[in-house]
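Asker: Here is my input; please provide its structure:
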Amino acid sequence: IDRHDSTAESGEKTKLISTSSSEEKPPSTLSVLKDIIFGKYVSVLLLFIPVTFFVKWKYDNDTLLFWCNFMVMIPLASILGDFTEEVAAHTNEVIGGLVNATFGNAVEVVVGIQALLANHIRVVQA
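Answerer: Numbering: from 1, shown residues only. The predicted model follows:
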């Protein structure tokens with residue numbers, strides 16, 4: 001805290017108290033993770049994770065299971081994008097660009113691999 005006397009325009013002496021906030025603490029890793037995971041409205045779709053397990057266990061309906069997994073992939077793709085942006089922000093341009101190029105298409109890679117495993121060659125070719 002920096003205290004000093006100052007003379008106002010009216011000639012009276014007043015004490016000014018100024019706080020210097022030049023040494024702000026960086027946010028903790030946990031708070032950054034909470035902000036990335038729960039900071040967007042799309043994160044509500046993460047509630048489909050237990051629903052997906054329940055659908056697989058109870059109903060074994062492939063169409064319903066697909067849509068539940070699809071709904072879960074939307075916020076996960078958003079979180080992955082946020083993570084890659086954070087990593088890119090804390091590295092140099094070359095590493096940041098490489099991380100964005102590598103993980104930017106991770107959802108497409110997962111879908112492509114799963115389609116190949118299920119022998120859906122036409123989906124992968126599209």
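Asker: Can you tell me the element residue 85 falls in?
Answerer: helix 62-89 (DSSP states H and E).
Asker: The next helix or strand after that helix - what's its average pLDDT?
Answerer: The element immediately downstream of helix 62-89 (helix or strand, assigned by DSSP H and E) is helix 93-103. In this model, helix 93-103 carries a mean pLDDT of 84.
Asker: In helix 93-103, which residues are buried?
Answerer: For helix 93-103, burial by neighbour count (16 or more other CB atoms under 10 Å) applies to 96, 99, 103. (Glycine included, C-beta is placed from N, CA and C.)
Asker: Against residue 104, how distant is the first one?
Answerer: Residue 96 is 11 Å from residue 104, where distance means CB to CB, to the nearest Å.
Asker: So what's the residue count around the nearest residue to residue 27 once chain neighbours are set aside?
Answerer: Computed as CB to CB, 6 or more residues apart in numbering, the closest residue to residue 27 that is not its neighbour in sequence is residue 35, at 7.9 Å. Residue 35 is flanked by 12 other residues according to other CB atoms under 10 Å.
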